[in-house]
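>>> Sequence first, predicted coordinates after that:
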Amino acid sequence: MVLLASLLVVPGLVQAEVCTTQSQMAATDRDALAARAKELAAMVQDGNVSDLQAALVPEYAKDFGSLPDVVNGVTPKLKGGAIVVEQVYLLDDSDAKHNANGSQPEAQFYCSLNKSPAEADFSIPGLDTGKYAFVITEVQNATSPWRLSFLLKQVQSKWALAGFYPTAMWAAGHDGLWYWRQARTMAANNQHWNAWLYYQEAGELLRPARFIQSTHLQKLRSEQTAAAPPQLSEGVSVQAPLVVKSADGQEFHFTSLGVDDSLGKEKVDVAARLKVDQIGDVATANKRNAAAMSALVAAYPELRTAFHGVWIFAVAPGQNPFATEQAMSEIH
């Protein structure tokens with residue numbers, strides 16, 4: 001994900017900005033935004049980094065950041081796909097006032113969907129005043145559909161690029177709703193570790209960008225929380241690691257637990273970050289990662305049924321992570 005502005009979800013704040021959904025906006029506005037987003041998506045699909053740079057809002061044009069690397073990583077996955085515009089939102093904070101210290105207030109947009117209780121919420125701290133839009137496009141193909149979302153800002157009479165958020169829509173041949181349904185089944189069968197991870201994967205595949213929340217995604221998160229085993233009730237983090245002991249007394253501290261589909265196998269992998277003091281030489285690092293995999297799967301054997309294998313990313317202060325992967329059949 002490329003963040004060309006600092007964007008976070010902070011629910012519960014008072015609405016001060018205006019959101020207009022595509023069903024509420026004028027056809028001319030909707031069509032203009034859809035056309036602009038399709039142009040930008042085509043640039044990404046073609047790997048046209050220079051035109052994307054020219055499309056940036058002036059304050060970001062000189063600081064291109066990691067955008068070229070992200071575009072070059074995504075472009076090969078979009079070949080032959082059809083670009084379709086899925087959702088368009090107008091986000092207007094033109095009347096927002098500065099805080100007393102001169103900083104920008106947090107921009108909150110609450111978007112009611114088709115005049116129903118369902119809504120999509122945006123929370124953008126430090127957003128300059130002005131008129132913005134968020135447009136979600138999909139690049140649809142038979143093997144690996146992707147979602148390309150764009151934050152646009154109106155600069156004079158044009159819509160300039162203020163943020164780009166590419167996300168995969170499938171993992172190991174399945175979409176987010178499939179992982180959600182599987183998670184529910186796993187939870188019902190008391191496979192709480194598998195369910196928690198599949199809920200997590202469903203959320204990753206269904207969320208267009210991390211600064212968006214919705215009624216739909218809140219329901220998923222509530223189900224994940226309800227299904228979590230006690231060890232995961234507060235999540236996994238550096239401050240609250242998952243501690244697993246092996247049969248020989250070794251102790252492993254996992255600071256994150258998630259899902260990875262980079263190998264393109266028939267099932268996704270478990271991905272865990274392991275806190276270590278030093279990476280050490282390759283032989284030592286490999287042995288430690290293998291022992292961490294074995295301890296994790298021995299502690300929670302249901303993982304063998306839902307995942308292809310396990311990635312361990314050993315992380316030490318000031319050193320590059322050391323990553324290894326093994327299939328479940330290789331983990332003893």
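Yep, it's here.
>>> which residues in the stretch 1-150 of the chain form helices?
Chain-ordered helices for the stretch 1-150 of the chain, with DSSP state H, counting those that start in this stretch as the definition, fall at 27-46, 49-55, 58-61, 67-74.
>>> A285 versus A171, what's the distance?
27 Å (Cβ to Cβ, to the nearest Å). Every C-beta, even on glycine, is put in place using the N, C-alpha and C of the backbone.
>>> Looking at these two, which one has more neighbours?
A171 (22 against 19; other Cβ atoms under 10 Å).
>>> Leaving out chain neighbours, which residue sits closest to that one?
D261 (4.0 Å; Cβ to Cβ, 6 or more residues apart in numbering).
>>> shaky segments in the protein?
1-16, 96-105, 115-117, 142 (pLDDT under 70).
>>> Grab the most central residue of it for me.
E204 (4.9 Å; Cα atoms, centre = their mean).
>>> From the contact counts, what lies against the strand or helix carrying that residue?
Secondary structure assignment for E204, by DSSP states H and E: helix 192-206. The contact analysis (3 or more Cβ pairs under 8 Å, 6 or more residues apart in numbering; DSSP states H and E) places helix 192-206 against strand 158-168, strand 170-171, helix 176-188, helix 215-227, strand 251-260, helix 303-306.
>>> contacts for the last one?
The reference is to helix 303-306. With Cβ atoms under 8 Å, 6 or more residues apart in numbering as the test, helix 303-306 has contacts from 182, 186, 191, 193-194, 197-198, 267, 270, 296-297, 310, 328.
>>> and those residues, which two are the farthest apart?
Largest separation among the contacts of helix 303-306 by Cβ to Cβ: Q182 and L296, giving 20.5 Å.
>>> Comparing the two, which residue is more hemmed in?
Shown here are Q182 and L296; by other Cβ under 10 Å, L296 has more neighbours (24 against 19).
>>> Which residues are in contact with that one?
244, 252, 254, 270, 272, 303, 310 are the contacts of L296 under Cβ under 8 Å, 6+ apart.
>>> do that again at 10 Å, thanks
Applying Cβ atoms under 10 Å, 6 or more residues apart in numbering to L296 gives the contacts 193, 242, 244, 246, 252, 254, 257, 270, 272, 274, 303, 310, 312, 331.
>>> wait, isn't the third one in contact with I312?
So the one you mean is V244. No - at 11.6 Å, V244 and I312 do not qualify as touching, with contact defined as Cβ atoms under 10 Å.
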